[in-house]
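>>> Predicted model and sequence below, questions to follow.
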Amino acid sequence: MIHGMLQVTATTLAALLYIAAAAVIVVRLFRGDERAPARSTGLALGGAAVAVHALIVLQNTWLGPGLNLSFFNALSLVAWLTALGLVVSALFWRLEHLGALLLPLTALTVLLALAAPEAATIPRGLLLETHIIISMAAYSLLLAAALQAVALAILDHRLRHHQATGFVRMLPALRTMEKQLFTLVTLGFIALTVALGSGFLFIETLLAGNMIHKTTLTLTAWFVFGGLLAGHAIYGWRGQTAVKWTFTGFAALALGYFGTKFVLELLLTR
């Protein structure tokens, strides 16, 4: 579907579209509705970037005798799923502020995917592919939650110091952003629970020497996010407490999957 120079062209186009969409979002945050491009312009650019990126992900990851989920391809896949979720969600809720952080990162991951090896890393299989899709969806939702926690921390800090000026005026209300954060964490926790449950179908792989660190850190993240949701429901945790727990949970999750892949694929193979 995408080969050679065509792949490079598609990758460059996707990256430029992501950057353009992020630029529109940033300009709108700092200049407001009246002096910036229309909101629909940013969403249209983001949607176009996601569509081109989808072709790249399909070619790099899914087409072939096996799945290619090497480090850079996995990064690109998670970033694409998160960007897709953001564009779709922004049609109904005010979440596009996350694009100021997410879309430049996604542009970087799509470019880095050019360095991914072409060989398959995982054999095909319906159960395994289903588990991978659910796992990647969990990572994507919790990445969005981590980015929302960044935005919430900035907003909370500015409000505490009576600096509700500039881009802060274009963000949703604090309570709205907290509600959005817990919605993302809840959905991500559910997906992570299903992913862990389905992963036990491959228990021998999970307990293998190279996977025990990933499994342990993923379970740690599950307990952290579960504890956050329990604390919110029972004790009313929110604000900086929610931000810290979200960062901790996502750090464990990212180290468990991408940290392990980075060490095994990029450090130990050199």
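Okay, I see it.
>>> residue boundaries of the helices in the stretch 151-270 of the chain?
Using DSSP state H, counting those that start in this stretch, the helices of the stretch 151-270 of the chain run over residues 174-199, 203-206, 212-235, 239-254, 260-261.
>>> right, and these - which one's nearest residue 5?
Go through the helices of the stretch 151-270 of the chain one by one with C-beta to C-beta and the one that ends up closest to residue 5 is helix 260-261, at 28.3 Å. All C-beta spots, glycine's among them, are computed from the backbone N, C-alpha and C.
>>> what about that closest one, distance to the chain center?
Centre-to-centre, helix 260-261 and its host chain are 17 Å apart (C-alpha atoms, centre = their mean, to the nearest Å).
>>> and what of stretch 116-130?
The offset between the C-alpha centroid of stretch 116-130 and the centroid of the whole chain comes to 20 Å, using C-alpha atoms, centre = their mean.
>>> Likewise for stretch 154-165?
Offset of stretch 154-165 from its chain centre (C-alpha atoms, centre = their mean): 26 Å.
>>> Report the buried residues of it.
Along stretch 154-165, the positions that meet the burial threshold by neighbour count (16 or more other C-beta atoms under 10 Å) are 155, 156, 158.
>>> what does stretch 10-24 give?
By neighbour count on 16+ other C-beta under 10 Å, the buried set for stretch 10-24 is 10-11, 13-15, 17-24.
>>> Turn these into TSV, including distance to residue 114 and pLDDT.
Written out in TSV, the entries for the buried residues of stretch 10-24 read as follows (distance: C-beta to C-beta, whole Å; pLDDT from 0 to 100):
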residue	distance to residue 114	pLDDT
10	10	95
11	6	96
13	13	97
14	11	98
15	10	98
17	16	98
18	15	98
19	16	98
20	20	97
21	20	97
22	20	97
23	22	96
24	25	95
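>>> one step back: out of the buried residues of stretch 154-165, list just those in strands.
Secondary structure assignment (DSSP state E) places none of the buried residues of stretch 154-165 within strands.
>>> In contact with the nearest residue to residue 48 once chain neighbours are set aside, which residues?
What sits nearest to residue 48 in space, not counting adjacent residues and going by C-beta to C-beta, 6 or more residues apart in numbering, is residue 17, at 5.1 Å. Shown here is residue 17, whose contacts under the criterion C-beta atoms under 8 Å, 6 or more residues apart in numbering are 45, 46, 48, 49, 52.
>>> neighbours of the third one, just the number please.
Looking back up the chat, that one is residue 48. Burial measure for residue 48: 17 neighbouring residues, criterion other C-beta atoms under 10 Å.
>>> element containing it?
helix 39-57 (DSSP states H and E).
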